[in-house]
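J.: task: produce atomic coordinates for the following.
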Amino acid sequence: MKRGYLFKTAVVLAVIAALYGFIETLHQWEPTRIVWKRWKAKDPYRYDKINPIYLKTNPADVITIHSPADALRVRRALIGSIWGDEGMPFGRQPERIERDIPLGEDSEPNNLGGMFYAAMANLAGIDRLHIAVDKIYTSRIFHFRPRRGNNRLVIYQNGYGGTGTFHDRKELIAELVSEGYAVMALNRPYYGENGDKAQRYLPRFGWYQMHSWRLLDLVERPMRFYFEPVVGAVNYANEAYAYDSIDMIGFSAGGWLTMVAAAADERIRRSYPVAATYPLYLRSGDEQSPRPHYYAPMIHAANYLEMYALAAFGGKRRQLQIFNRFDRCCYSGVKGKHYEKAVQDTVKAIGDGGFQVLLDETHARHKVSDFAMKAILADMRDGR
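T.: Numbers count the residues shown, from 1 in each chain. Model prediction:
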């Protein structure tokens, strides 16, 4: 009896385990996740339609760029909102460069991808750049150098802590390096290698341990901390390597940063914000975006639609925005298509350039998918 009971119990447990495994596998399968997301969505406008409240705004009506002179005016205002009268810091260079950092298993704090990077195909080595924004805050950037390169650079900008650090995008970096691109990878202020929250003396408040959320409130010209590392990376790339082109990919909040950087700095040729940014009228009633996205001096200098046009305007320049239609996190749905033509018309009216919104319908996650990477790589090859 006891053996029979144990056998039956084991069979039942095995069946339950098999069913659980099957259900979990089915849940992780992307077509199933998409069906589930659409069925579960309470808001009919989340994935499939644009809410009529957003259709009240004609995006073309809020774009003030109608000529190359207008583009110059708005870009100057945007740069001024970030750096003031000093303008963009074209002279900023790394204060220190660590050449060929070791990639052994125990060589990096917290084993930041060491063994993975050591085995990365076509990787010649990694340098670490230290770019000081001021006397206290320094951004650390990894420069991945390919063995057989195409003399082109891609800057990769990661997002907030919820998306990890650029080390969590190792496969993305590896794919670019295998294609022959050099890569400079950045984290946002106070994330990853930039995570040391050093104290600084604030004349009105005393000593304070800074966090990225407080930059906007307590530091003069706070947007410098987001965008100056990118400008410094471009400066160094041009002076030390003279790459044929510099393109930029950004994921999530890093895509927002990528979009603004490309709007301000014409040397960034093609830009690819992924799951990253909507103009303000499409965010009405949905205040999930981080506070830096609403930094008043910047968005009054150039609204987001104007930034999209600035990032796309110029010879061989282009911006391809990719949205995960069924994203579990943010910027899901088809809203990006509402402003696509208005930005395209603006770019066409003022000169060369290209702009496109692409919907990624292959998954239901917050990520840079294989589909997105294929689209990005194809677009960069097309822009040679």
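J.: assign the residue nearest the centre of the chain to helix, strand or coil.
T.: Residue closest to the average C-alpha location in the chain (C-alpha atoms, centre = their mean): residue 250, at 2.1 Å. When classified by DSSP: H, G, I helix; E, B strand; the rest coil, residue 250 comes out as strand.
J.: that one - nearest residue in space that isn't next to it in sequence?
T.: The spatially closest residue to residue 250, leaving aside those adjacent along the chain, is residue 258, at 2.9 Å (C-beta to C-beta, 6 or more residues apart in numbering). C-betas here are computed from N, CA, C, even on glycine.
J.: which helix or strand contains the one you found?
T.: Using DSSP states H and E, residue 258 maps to helix 253-264.
J.: may I have the next helix or strand along the chain from that helix as CSV, with CA atoms only?
T.: Using DSSP H and E, the helix or strand that follows helix 253-264 towards the C-terminus is strand 270-274. The C-alpha trace of strand 270-274 is given here as CSV (Å, rounded to 0.1, in the frame of the first residue of the first chain):
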residue,chain,number,x,y,z
ARG,A,270,22.5,58.4,-37.2
SER,A,271,20.6,57.9,-34.0
TYR,A,272,18.5,55.0,-32.8
PRO,A,273,16.4,55.5,-29.6
VAL,A,274,14.7,52.3,-28.6
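J.: buried sites along strand 270-274?
T.: Residues 270, 271, 272, 273, 274 are the ones in strand 270-274 that count as buried (16 or more other C-beta atoms under 10 Å).
J.: in contact with the last one, which residues?
T.: Okay, so that is residue 274. Residue 274 is in contact with 249, 250, 251, 252, 255, 322, 323, 324, 368, 372, counting by C-beta atoms under 8 Å, 6 or more residues apart in numbering.
J.: possible to save those as a markdown table with pLDDT and distance to residue 354?
T.: Putting the contacts of residue 274 into a markdown table (pLDDT from 0 to 100; distance: C-beta to C-beta, whole Å) gives the following:
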| residue | pLDDT | distance to residue 354 |
| --- | --- | --- |
| 249 | 98 | 16 |
| 250 | 97 | 18 |
| 251 | 96 | 21 |
| 252 | 94 | 23 |
| 255 | 97 | 18 |
| 322 | 98 | 14 |
| 323 | 97 | 17 |
| 324 | 96 | 22 |
| 368 | 96 | 21 |
| 372 | 97 | 17 |
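J.: which one of these is nearest to residue 290?
T.: residue 252 (10.1 Å; C-beta to C-beta).
J.: residue 198 reaches residue 137, doesn't it?
T.: Yes: applying C-beta atoms under 8 Å, one finds residue 198 in contact with residue 137, separated by 7.0 Å.
J.: who touches both of these two?
T.: Shared contacts of residue 198 and residue 137 (C-beta under 8 Å, 6+ apart): residue 210.
J.: out of the two, which sits in the busier spot?
T.: Between residue 198 and residue 137, residue 137 has the larger neighbour count (other C-beta atoms under 10 Å), namely 22 against 11.
J.: grab the nearest non-local neighbour of that one.
T.: Closest residue in space to residue 137, ignoring its immediate chain neighbours: residue 225 at 6.2 Å, by C-beta to C-beta, 6+ apart.
J.: just the CA trace of the helix or strand harbouring that neighbour, in PDB.
T.: Secondary structure from DSSP H and E places residue 225 in helix 224-240. The C-alpha coordinates for helix 224-240 follow below in PDB (Å, rounded to 0.1, in the frame of the first residue of the first chain):
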ATOM      1  CA  ARG A 224      25.600  68.800 -18.500                       C
ATOM      2  CA  PHE A 225      25.900  65.600 -16.400                       C
ATOM      3  CA  TYR A 226      23.800  63.700 -18.900                       C
ATOM      4  CA  PHE A 227      25.100  65.000 -22.200                       C
ATOM      5  CA  GLU A 228      28.700  66.200 -21.600                       C
ATOM      6  CA  PRO A 229      30.100  62.600 -21.400                       C
ATOM      7  CA  VAL A 230      28.600  61.900 -24.900                       C
ATOM      8  CA  VAL A 231      30.200  65.100 -26.200                       C
ATOM      9  CA  GLY A 232      33.500  64.200 -24.600                       C
ATOM     10  CA  ALA A 233      33.300  60.700 -26.200                       C
ATOM     11  CA  VAL A 234      32.700  62.200 -29.600                       C
ATOM     12  CA  ASN A 235      35.600  64.700 -29.100                       C
ATOM     13  CA  TYR A 236      38.000  61.900 -28.200                       C
ATOM     14  CA  ALA A 237      36.800  59.700 -31.000                       C
ATOM     15  CA  ASN A 238      37.400  62.400 -33.600                       C
ATOM     16  CA  GLU A 239      40.800  63.400 -32.200                       C
ATOM     17  CA  ALA A 240      42.300  60.000 -31.400                       C
END
